[in-house]
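Chemist: predicted model follows, preceded by the sequence.
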Amino acid sequence: MKMDRRLILLKIAGLGGLERYVELRTRDLGRNLSVSQQSASIYLRELEDSGHIERIKKKSGGRVRITAEGVEELRALLEELRSILEKGHPIHVRGQITEGLGEGAYYMSQRGYIEQIEEKFGFTPYRGTLNVKLRKEHTPVLDLLKRGPGIVIEEFSSGDRTFGRCLCYPCTVEGIRAVVMAPVRSIHRDSVELISEKRLRDLLLEEENAELNLFILYPAYEGNEKLDFDEFR
């Protein structure tokens, strides 16, 4: 498989190669990229031929620096990453409605959750959640959601109990707007919990035994939670 030249440029930049010549041994580069020393040598030669780096050659590698062309390549990568990580994009997953543990109504009746949801999403949540069990191949999304970035519902205390921090993501489920709640500490390993201003189970009654389509905004920041999902139905 051909190595993405931007990955090699990132490695060189991390060594300081944006501002000066840096020592780079092909053996070390190969080990870092999990390729052979010979492959690493070929990649460096290709970057040199394309004008992305300059080299002062030695038998085992030499000194390298990134040229203006290489900097522009890295800038393009930065813009590409920004378009994904700052604007957000919809992640499509599929799953089926499943019975939860019956705790959704209790949690959604807590003022600490209600007030923060009202503030951040502009609606009063129905006092309950909808559990959707994801297809097996989609369960890695749960780890992604727990890591964030997501819209934060902060930890709070009520009486003698503390309610945990939660990361939230706007979504649609079969075209209905909702919010995925991903508690930082959760026993769920294969399902997501959805909240909405209405009882989702009633709206999705005809989908009870069918697979549902969810489009989840990731990453989510305050300010991009109003992304128009209509085109992703």
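Modeler: Yep, it's here.
Chemist: what's around residue 106, how many residues?
Modeler: 11 (other CB atoms under 10 Å). (Glycine included, C-beta is placed from N, CA and C.)
Chemist: now residue 192
Modeler: Neighbour tally, residue 192, other CB under 10 Å: 27.
Chemist: what helix or strand does it sit in?
Modeler: According to DSSP states H and E, residue 192 maps onto strand 191-195.
Chemist: for that strand, the averaged confidence score.
Modeler: Averaging pLDDT along strand 191-195 yields 93.
Chemist: give the rounded mean pLDDT of the lengthiest strand in the chain.
Modeler: In the chain, with assignment by DSSP state E, the single longest strand is strand 89-98. On average, the pLDDT along strand 89-98 is 91.
Chemist: thinking again about what came up before, counting by contacts, list what the helix or strand following the strand holding residue 192 packs against.
Modeler: Heading C-terminal from strand 191-195, the first helix or strand you meet, by DSSP H and E, is helix 200-203. Using 3 or more CB pairs under 8 Å, 6 or more residues apart in numbering; DSSP states H and E, the elements in contact with helix 200-203 are strand 176-183.
Chemist: hmm, who's touching the strand it packs on?
Modeler: 117, 121, 125, 129-130, 142, 145-146, 150, 153, 164-172, 192-196, 200, 203-204, 214, 216, 229 (CB atoms under 8 Å, 6 or more residues apart in numbering).
Chemist: any idea how far residue 51 is from residue 4?
Modeler: 17 Å (CB to CB, to the nearest Å).
Chemist: can you dump the C-alpha coordinates of the helix or strand that contains residue 142 into PDB?
Modeler: Element membership for residue 142 (DSSP H and E) is helix 140-147. Output of helix 140-147 as PDB, limited to C-alpha atoms (Å, rounded to 0.1, in the frame of the first residue of the first chain):
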ATOM      1  CA  PRO A 140     -17.400   1.300  18.100                       C
ATOM      2  CA  VAL A 141     -19.300   4.600  17.700                       C
ATOM      3  CA  LEU A 142     -20.000   4.400  21.400                       C
ATOM      4  CA  ASP A 143     -16.400   4.800  22.300                       C
ATOM      5  CA  LEU A 144     -16.100   7.700  20.000                       C
ATOM      6  CA  LEU A 145     -19.100   9.500  21.600                       C
ATOM      7  CA  LYS A 146     -17.800   9.000  25.100                       C
ATOM      8  CA  ARG A 147     -14.400  10.500  24.100                       C
END
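Chemist: lovely, talk soon.
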